[in-house]
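S.K.: structure for this input, please:
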Amino acid sequence: MGTKGFIESAKGYGLKRVLSHLGSEPNKNIPRVLNWVDRFDKEGVLKGKVSVVREVLSDEGSNWSLLTKSLWTDIDTDVRKRLFENFIVNAVIIGGNRQEKAREEHGCNVPWAILMDPTSACNMRCSGCWAAEYGPDMSLSYHTLDSVIQQGKALGIYMYIYSGGEPLLRKDDIVRLCERHSDCVFLAFTNGTLIDETFADEMLRVKNFVPAISVEGFEYETDSRRGEGTYLAVENAMEVLKIKKLPFGISCCYTSNNTDKVGSEAFFDKMISNGAKFAWFFTYMPVGMDASPELMANAEQREFMYQQVRRFRKSKAIFTMDFWNDGEYADGCIGGGRRYLHINANGDLEPCAFIHYSDSNIHDTALVTALRNPLFMQYKENQPFNGNMLRPCPLLDNPDRLRDMVTASGARSTETLHPEDVGHLCEKCRPASVAWAVAAERLWVESSSQRPKRTD
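M.R.: Here you go, the predicted model:
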């Protein structure tokens, strides 16, 4: 073991010993962990993040304190310990420092997380979903998925997310990867219909897998887009996970049809009652030749979500994030390997799950080489795509930027059945971009005094 490895091991060992004390008394022991993080964070990488945690936990009656305490009352002790260790020690501290060194060494973006599609197949056919553009027959082998994770860990990446298709069609391989890489955190965007007691028991056994279950609102909204009976199946899956004391969250796509429901207080309260600990929000993107642009949220609906997520972030015991409206917290777009990248079921490395263009394939290109190839370097050189961080996206908010990057890099469409010209895709987003620019400028000015400080 070299000096670097020894130092990382020593840091990890020390922090793991500290985390072992988190089995009880979170109010007493969480401050101790934060003090230890301060000691090991010599480069100050986590200074801002730690100060934010201290601030939000200082009020014991706040929603953040209630959420934190619920991780002790609602989550299996061994699962919580494993996830804390893998997330705090490996993904954030050791991984974060290793990623920063890799960025300097290779002169490219190095992500915090990798999103992968084990399969393009799905047991459902939701309206407006791009999965059909790939067909049902593509998949990444177990050995390819394992190779990506090994390459990623060498760069300091310990967070892996599955999408699809429906990733849980590959349950057995996902469990095998959780076992083999017990030092990583695995999350999956799933429709939830394949989660049963048997799989929940496997989650309890491996301790490092967390599902984000897709839900479109209540029963009418979910079943209207995903098929009759889907909402009840989702509720059943949540009940199984809650009984087994397993952590899970929700993934919500807000559209022109359901924004008022997924942004409502009743919906938030229902999902918290069901046991969800986090909620990821995405706006509908008209990706693919068979997309449904009429499902795109308008500017008023997007602003509604902007206001509601911020309102409930201050009052509800659930961690929320809107991957477009929260651009100010991440200094713009997180794609292109800046914080994450996507590998589809054909092995194509894409800047984002919504950007289906690539110049590299994992079957013949190393991960670090792909990050240095033209498309990902175009992202690195052009980020952020707008000085107003409420307009972070190179497609939805700044469509000319995506068109120019794809053209300059020579990237091709990765949609195998109906390849979509980047100009055609960008034009579908232009009306929404123009309308949102007006609202975003007003919100950016209004929020200037409360704007969050950088934490990275």
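S.K.: is it true that residue 229 touches residue 223?
M.R.: Yes: with contact defined as CB atoms under 8 Å, residue 229 reaches residue 223; the gap is 6.9 Å. Heads up, the C-betas are built off the backbone N, CA and C, glycines and all.
S.K.: confidence score at residue 59?
M.R.: Among the per-residue scores, residue 59 shows a pLDDT of 74.
S.K.: any idea how far residue 316 is from it?
M.R.: 15 Å (CB to CB, to the nearest Å).
S.K.: please apply the same query to residue 337.
M.R.: In this structure, residue 337 lies at 32 Å from residue 316, with CB to CB as the measure.
S.K.: the closest residue to residue 320 other than its chain neighbours and residue 212, how far apart?
M.R.: What sits nearest to residue 320 in space, not counting adjacent residues and going by CB to CB, 6 or more residues apart in numbering, is residue 279, at 4.8 Å. As for residue 279, its distance to residue 212 is 9 Å (criterion: CB to CB).
S.K.: give the residues shared as contacts by those two.
M.R.: Taking CB atoms under 8 Å, 6 or more residues apart in numbering as the criterion, residue 279 and residue 212 both touch 249-251.
S.K.: the residue nearest to residue 320 - how many residues pack around it?
M.R.: Per other CB atoms under 10 Å, the neighbour tally for residue 279 reads 24.
S.K.: low-scoring stretches of this structure, by residue?
M.R.: In the predicted model of the chain, residues 1-28, 40-46, 48-49, 52, 56-57, 127-136, 451-456 satisfy pLDDT under 70.
S.K.: so which of residue 59 and residue 316 has more stuff around it?
M.R.: Comparing residue 59 with residue 316 by neighbour count (other CB under 10 Å), the higher total belongs to residue 316, at 20 against 10.
S.K.: part of a strand, is residue 156?
M.R.: No: the assignment for residue 156, made by DSSP: H, G, I helix; E, B strand; the rest coil, is coil rather than a strand.
S.K.: contacting residues around it?
M.R.: 94-102, 110.
S.K.: chain neighbours aside, what residue packs nearest to it?
M.R.: Spatial nearest neighbour of residue 156, chain neighbours left out: residue 98 (2.8 Å); criterion: CB to CB, 6+ apart.
S.K.: which helix or strand contains that neighbour?
M.R.: When secondary structure is defined by DSSP states H and E, residue 98 falls within helix 95-106.
S.K.: just confirm residue 213 is within a strand.
M.R.: Yes: secondary structure assignment places residue 213 in a strand (three-state DSSP).
S.K.: how far away is it from residue 277?
M.R.: Taking CB to CB as the measure, residue 213 falls 12 Å from residue 277.
S.K.: so what sits against both of the two?
M.R.: The contact sets of residue 213 and residue 277 overlap at 248-249 (CB under 8 Å, 6+ apart).
S.K.: neighbour-wise, which of these two wins?
M.R.: When residue 213 and residue 277 are compared on other CB under 10 Å, the one with more neighbours turns out to be residue 213, at 25 against 19.
S.K.: tell me, how many residues neighbour the residue nearest to residue 156?
M.R.: Residue 98 has 20 neighbouring residues, counting by other CB under 10 Å.
S.K.: what do you get for residue 236?
M.R.: Summarising burial for residue 236: neighbours were counted as other CB under 10 Å, giving 14.
S.K.: equivalent analysis for the one 4 residues further on, please.
M.R.: Here the count is done by other CB under 10 Å, and residue 240 has 20 residues near it.
S.K.: wait, it touches residue 198, no?
M.R.: No: look at residue 240 against residue 198 with CB under 8 Å: they stay out of range, at 9.8 Å.
S.K.: residue 110 is in contact with residue 340, correct?
M.R.: No: contact between residue 340 and residue 110 fails when scored by CB under 8 Å: they sit 10.7 Å apart.
S.K.: and these two? Which one has more around it.
M.R.: Per other CB under 10 Å, whichever of residue 340 and residue 110 has more neighbours is residue 110, with 25 against 20.
S.K.: and that one, what does it touch?
M.R.: Neighbour list for residue 110: 99, 102-103, 155-157, 337, 371 [criterion: CB under 8 Å, 6+ apart].
S.K.: that one: which element?
M.R.: Following DSSP H and E, there is no helix or strand that holds residue 110.
S.K.: so how far is residue 155 from it?
M.R.: Look at residue 110 and residue 155: by CB to CB, they are 5 Å apart.
S.K.: common neighbours of the two, please.
M.R.: Common contacts of residue 110 and residue 155 (CB under 8 Å, 6+ apart): 99, 102.
S.K.: quick one: contacts of the lengthiest helix in the chain?
M.R.: Assignment by DSSP state H gives helix 422-446 as the longest helix of the chain. By CB under 8 Å, 6+ apart, the residues outside helix 422-446 that reach it are 285-287, 291, 293, 296-300, 302-303, 306, 357, 388-391, 395-400, 402-403, 406-407, 413.
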